[in-house]
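1. Provide a 3D model corresponding to the input given below.
(one chain, ligands or ions: 2)
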Amino acid sequence: MIEVENLTKRYGYITAVKNISLELNQGEVLGLIGPNGAGKTTTLKTIVGLVVPDSGRILIDNINPFMDPRIKRIIGYVPEIPQTPEWATVCSFLENLGLLEGLSQVEARRRARQALEEFGVGDLCNRKLKMTSKGQRKRILLAQSLLVDKKYMILDEPISGLDPEWVVHVRNKILEWARSGVGVLVSSHILKELQDVVDRVVIIAKGKKVFEGTLQELGAIAGVSGVVIIVTPSAGEAAKVLEAEGIKTISVTGRVVKVQIGEETNPKKILEILDEKDIQVEGFEYREASLEEAYLKLVRGG
Ligand SMILES: Nc1ncnc2c1ncn2[C@@H]1O[C@H](COP(=O)(O)OP(=O)(O)O)[C@@H](O)[C@H]1O
Ligand SMILES: [Mg+2]
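-> Ligands and ions are numbered 1, 2, ... in the order given. Alright, predicted model coming up:
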């Protein structure tokens, strides 16, 4: 298990991460979700030892990496941007990473090529990193995740900017890792990108944790269940009737009444109330709130 306890990191007067705690178990996929600037990259870099926190503690399988840095070897890390000079060639970039991982020269060379092939960028071997496109670079970065098998994988925005074909590839890879017992911590500023693969999410905004749990819990805790849309010639009157019943989240536009309801309200109840007061309803629709709405609500509130 990777444990992050009360992590805080400041850059001058900016507090990038405030008191964040999380746990990553083997065999699970944990999503770290938050808008740009939320502190995702800082959190992930702290776990892999690229950023030193101001306070807080990291434990990797119960070992503090500041006491015993060797433990970091069991974590694989795919950064958002390459940590290598732009003039390196694609193959030398990956080969060097392989050598740092303790592979022999021959093995590093072989695996680098194989990894690039798997991500469809094998033909870029001798190209300089700076001469690659954004999407190609993303796949080159992802290729490093295949060099050596790890117990935990930390992926910083691995899906953003990829073509749909490769989005599927990366999602499958994440699921494959989890199935084989690898703990995967993966960040994104877009919840949708990850909602099919995560077991749990930690949502952060402005450096603070605003939510932790499953996606079902996310839908429930945000308190939005859905929106009831009613079309009626007496829209104003309908709004008044519903308000009198204690329903407050109503908006009226012409003949359309939109009512946001919480978990506790059955959408049919809205129809019953209107029917009771003889309000003519020409159209009725219920839209379940998307997770994205719940996410936005949390992030804006936090
Ligand atoms: N090296 C740095 N120096 C100064 N400020 C930084 C540095 N890295 C990140 N920050 C700031 O810390 C905050 C969190 O950044 P980051 O962790 O990159 O967020 P995210 O990955 O969620 O977009 C932002 O306000 C960012 O500008
Ligand atoms: Mg980031």
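2. Shouldn't Q136 be within a helix?
-> Yes. Under DSSP: H, G, I helix; E, B strand; the rest coil, Q136 sits within a helix.
3. What is the neighbour count of it?
-> Q136 has 18 neighbours, counted by other CB atoms under 10 Å. Every residue, glycine included, has its C-beta placed from N, CA and C.
4. Quick check: closest non-adjacent residue to it.
-> Ranked by CB to CB, 6 or more residues apart in numbering and with sequence neighbours excluded, the top spatial neighbour of Q136 is V121, at 5.6 Å.
5. From what I see, the one you found and R139 are in contact.
-> Yes. With contact defined as CB atoms under 8 Å, V121 and R139 form a contacting pair (4.9 Å).
6. so the closest residue to ligand 2 within the stretch 201-302 of the chain is in which element?
-> For the stretch 201-302 of the chain, the residue closest to ligand 2 is I204, as judged by CB to the ion, at 10.9 Å. Using DSSP states H and E, the element containing I204 is strand 200-205.
7. which strands and helices sit next to that strand?
-> Contacts defined by 3 or more CB pairs under 8 Å, 6 or more residues apart in numbering; DSSP states H and E place strand 200-205 against strand 14-24, strand 29-33, strand 208-213, helix 215-221, helix 291-301.
8. One more pass at 6 Å, please.
-> In terms of contacts (3 or more CB pairs under 6 Å, 6 or more residues apart in numbering; DSSP states H and E), strand 200-205 is packed against strand 29-33, strand 208-213.
9. Would you reformat those strands as JSON lines and include mean neighbour count, mean pLDDT and distance to ligand 1?
-> Output for those, formatted as JSON lines (neighbours: other CB atoms under 10 Å; pLDDT from 0 to 100; distance: least, CB to the nearest ligand atom, whole Å):
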{"stretch": "strand 29-33", "mean neighbour count": "25", "mean pLDDT": "97", "distance to ligand 1": "8"}
{"stretch": "strand 208-213", "mean neighbour count": "18", "mean pLDDT": "94", "distance to ligand 1": "11"}
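10. And those: which comes nearest S145?
-> Nearest of the helices and strands packed on strand 200-205 to S145, taken as CB to CB: strand 29-33 at 13.9 Å.
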